[in-house]
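Trainee: here is my input; please provide its structure:
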Amino acid sequence: MLTTKEEFHAFIAAHPLFFIATQDARQPRVRAIMMHKVDENGIVFTTGKNKDFYKQLRANPNVELCFYGNNMQIRVTGTATEIDDDLAMKQEIVSSRPFMLSWIESVGYEFMGVFRISNAKATCWSMDAPLTRKRFITLFE
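Mentor: This next block holds a predicted model:
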């Protein structure tokens, strides 16, 4: 089981695909997203501003993320804050994901929404110890 902030960060970095739950009116919505990075400031990911996902994040930034790997599940509850004015971050994301280049060339960076999860706490669950009591640690303030 993971017990420190550093262990949680390492696990998240090693398993960049996560599921994120948002709220659409009264209906929960879940989708898989590829994280760009995790650091001491939070978890960074992107989406298109034309998507329902973007609109849901803007309307209600409270989210829950779920990372899975090695028979372990990490749930992160936090706030999604748009960091839209960071062109360098957008360029970094596109350079790490070549499939996005043609999209950016046709519509520009202004259609790219970048978010950081902050004010987050996390808990770990493992198939190896399924009855362990749930404990939360603060990941990002």
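
Trainee: so, low pLDDT: which residues of this structure?
Mentor: Scanning the chain for pLDDT under 70 picks out nothing.

Trainee: hmm, try it at 90
Mentor: 1, 25-26, 84, 127-134, 140-141 (pLDDT under 90).

Trainee: can you give me the strands for it?
Mentor: Counting by DSSP state E, the chain has strands at residues 17-24, 27-34, 37-39, 42-48, 62-69, 72-82, 112-126, 136-140.

Trainee: output the contacting helices and strands for the last one.
Mentor: The one in question is strand 136-140. helix 5-14, strand 42-48, strand 72-82, strand 112-126 (3 or more CB pairs under 8 Å, 6 or more residues apart in numbering; DSSP states H and E). Heads up, the C-betas are built off the backbone N, CA and C, glycines and all.

Trainee: of those, which is nearest A32?
Mentor: strand 42-48 (10.9 Å; CB to CB).

Trainee: beta partners of the closest residue to L65 other than its chain neighbours?
Mentor: Of all residues not flanking L65 in the chain, V76 sits nearest, at 4.3 Å (CB to CB, 6 or more residues apart in numbering). Here V76 shows beta-bridge partners L65, A122, assigned using DSSP bridges.

Trainee: and the closest residue to T3 other than its chain neighbours, what does it touch?
Mentor: Leaving aside its chain neighbours, T3 sits nearest to I137 (7.6 Å; criterion: CB to CB, 6+ apart). If you count contacts by CB atoms under 8 Å, 6 or more residues apart in numbering, I137 has them with T3, T4, K5, F8, K121, A122, T123.
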